[in-house]
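Participant: make a model of this:
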Amino acid sequence: MLLNRDTAEGIANGTITLVLRRWDAPRAKPGGTQRTVAGTVRIDDVAEHPGGYRVTAAQARAAGYPDAKTAQKELDRRPAKHTYLISVSYLAPDERPELAADERLSDADVHAITARLGRWDAAAETPWTRKYLVMIGANEAVRAPDLAAREGLDVPRFKRRVRQLKGLGLTISLDVGYRLSPRGRAYLRLTN
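Facilitator: Alright, predicted model coming up:
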């Protein structure tokens, strides 16, 4: 479940407690968490309704819309079998920026990162982690579709992989494209 910046910040400051989605099958489950630009969000509950469900004014306000008509118009743009009302709350700040800024890597840090990257490489058809880190380091602020095309990958798969690297604090997302974090640069320097 992707959350835009305004929604994530609304959840973080408590003004948004509900996310409205139309999907054919559930993509969120109670008890799950999601990292966002504003921090980690907890999924407290997921209520499933038929695709034609009409939201109430109270639900629309809880989701950050000024009224039910505006919320419904947004929902109706994406026809699907089900409408989901996802209750959310703010769990914690995002630890990734602090992690990404820390370029002081111990031997244990390098070992842990290498082990994780190794598992991801082993699970793929071909190793990709180091290649992605080098490519991002050499192509700061290049659009994800352009980088994905270089690898012959579809954009969603490419972005998923970069999010994995970001989860380790190795990359930083920009408004357009990515860059290596200080931690990512230090890791490459220490493992060359």
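Participant: C-alpha only now, for contacts and for neighbours.
Facilitator: Fine.
Participant: got the domain boundaries for this protein?
Facilitator: 5-92, 96-191 (automatic domain parsing).
Participant: what's downstream of the helix-or-strand element of the chain with minimal mean pLDDT, the next helix or strand?
Facilitator: When each helix and strand of the chain is scored by mean pLDDT, DSSP states H and E, helix 96-101 comes last, with a mean of 85. Counting by DSSP states H and E, the next helix or strand C-terminal to helix 96-101 is helix 107-123.
Participant: now for that next one, which elements pack on it?
Facilitator: helix 129-138 (3 or more C-alpha pairs under 8 Å, 6 or more residues apart in numbering; DSSP states H and E).
Participant: give me the buried positions along the helix it packs on.
Facilitator: Neighbour counts over helix 129-138 (16 or more other C-alpha atoms under 10 Å) mark 129, 132-133, 135-137 as buried.
Participant: which outside residues touch that helix?
Facilitator: 117, 120-121, 162, 165, 170-171, 178-180, 184-185, 188 (C-alpha atoms under 8 Å, 6 or more residues apart in numbering).
Participant: could you redo the last one with a cut-off of 7 Å?
Facilitator: For helix 129-138, contacts defined as C-alpha atoms under 7 Å, 6 or more residues apart in numbering pick out 117, 121, 178-180.
Participant: do the same with stretch 163-182
Facilitator: With contact meaning C-alpha under 7 Å, 6+ apart, stretch 163-182 is reached by 96, 99-103, 136-137, 140-144, 183-184.
Participant: what about that stretch, average pLDDT?
Facilitator: On average, the pLDDT along stretch 163-182 is 94.
Participant: pull the distance from that stretch to the chain's centre.
Facilitator: Averaged C-alpha coordinates place stretch 163-182 at 11 Å from its chain's average position (C-alpha atoms, centre = their mean, to the nearest Å).
Participant: related to what we said a few turns ago, is it possible to get JSON lines of the buried residues of helix 129-138 that adds pLDDT and distance to R22?
Facilitator: As requested, the buried residues of helix 129-138 are exported to JSON lines (pLDDT from 0 to 100; distance: C-alpha to C-alpha, whole Å):
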{"residue": "T129", "pLDDT": "97", "distance to R22": "34"}
{"residue": "Y132", "pLDDT": "96", "distance to R22": "33"}
{"residue": "L133", "pLDDT": "97", "distance to R22": "35"}
{"residue": "M135", "pLDDT": "96", "distance to R22": "36"}
{"residue": "I136", "pLDDT": "97", "distance to R22": "34"}
{"residue": "G137", "pLDDT": "96", "distance to R22": "37"}
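Participant: can you redo these as JSON lines with distance to A60?
Facilitator: Formatted as JSON lines, those follow (distance: C-alpha to C-alpha, whole Å):
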{"residue": "T129", "distance to A60": "41"}
{"residue": "Y132", "distance to A60": "41"}
{"residue": "L133", "distance to A60": "41"}
{"residue": "M135", "distance to A60": "43"}
{"residue": "I136", "distance to A60": "40"}
{"residue": "G137", "distance to A60": "42"}
